[in-house]
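Colleague: Just to be clear, the model below is a prediction. Sequence and coordinates:
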Amino acid sequence: MRKKIYPHETLTHEIIAAAFEVSNSLGCGFLEKVYENALVVELKRRNLSSAQQVPVRVLYQQETVGQYVADMVVENAVLVEVKATLENHSLFIAQTLNYLRATNLPVGLLVNFGRPKLEYRRLVLTDLPE
């Protein structure tokens, strides 16, 4: 069986490593924004650019029908959605996939700092919610 190749695989590995560093340093129990801000600091330490609170337009029939805000985009290539919750909800997967569709980015990371051990999920547009 061949290993699945992900878009921006090296970059996503680096983002996941940065998230583990943040999780190991801060532990669980803070609000999402604390982890998001700490992740930006850690990514900067690793010479990776990131943009926070990225506007995402929702289109229907080529018309804007809404706007959401994604937590961050790293290197203009990988969408990162940060959570700090005990819930493990398929809604978060659907949300991240919708952001990918709206931004046309090929890969996203759903990162949850809300449990004692960091949880993450790498998503590509071909993934379906469970």
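Modeller: Perfect, I can see it now. The shown structure was predicted, so the numbers you read here are calculated from the model rather than taken from an experiment.
Colleague: Next, the contact list for the residue sitting nearest the centre point of the chain, please.
Modeller: Centroid-nearest residue in the chain: residue 80, 1.8 Å away (criterion: CA atoms, centre = their mean). Contacts for residue 80 (CB atoms under 8 Å, 6 or more residues apart in numbering) come out as 15, 39, 50, 70, 71, 72, 73, 74, 108, 109, 111. Every residue, glycine included, has its C-beta placed from N, CA and C.
Colleague: where does it fall, phi/psi-wise?
Modeller: Main-chain dihedrals, residue 80, degrees, to the nearest 10: phi -120, psi 120.
Colleague: try residue 31
Modeller: According to degrees, to the nearest 10, residue 31 has phi -70, psi 160.
Colleague: Not counting residues beside it along the chain, what's closest to it?
Modeller: Leaving out its chain neighbours, the residue that sits closest to residue 31 by CB to CB, 6 or more residues apart in numbering is residue 84, at 6.1 Å.
Colleague: List the contacts of the one you found.
Modeller: Per CB under 8 Å, 6+ apart, neighbours of residue 84: 28, 30, 31, 32, 34, 35, 112, 113, 114.
Colleague: quick one: the second one and residue 113 touch, right?
Modeller: Yes. The pair residue 30 and residue 113 passes the contact test of CB atoms under 8 Å, sitting 7.3 Å apart.
Colleague: Of the two, which one has the most company?
Modeller: For residue 30 versus residue 113, the count of surrounding residues by other CB atoms under 10 Å is larger for residue 113: 27 against 14.
Colleague: gap between the more buried one and residue 46?
Modeller: According to CB to CB, to the nearest Å, residue 113 stands 18 Å off from residue 46.
Colleague: Quick one: neighbours of residue 43, just the number.
Modeller: Neighbour number of residue 43 under other CB under 10 Å is 22.
Colleague: And it, what's its pLDDT?
Modeller: As predicted, residue 43 sits at a pLDDT of 98.
Colleague: Go ahead and confirm it touches residue 52.
Modeller: No. Residue 43 lies out of contact with residue 52 (CB under 8 Å); the separation is 10.4 Å.
Colleague: Just say helix, strand or coil for residue 6.
Modeller: coil (DSSP: H, G, I helix; E, B strand; the rest coil).
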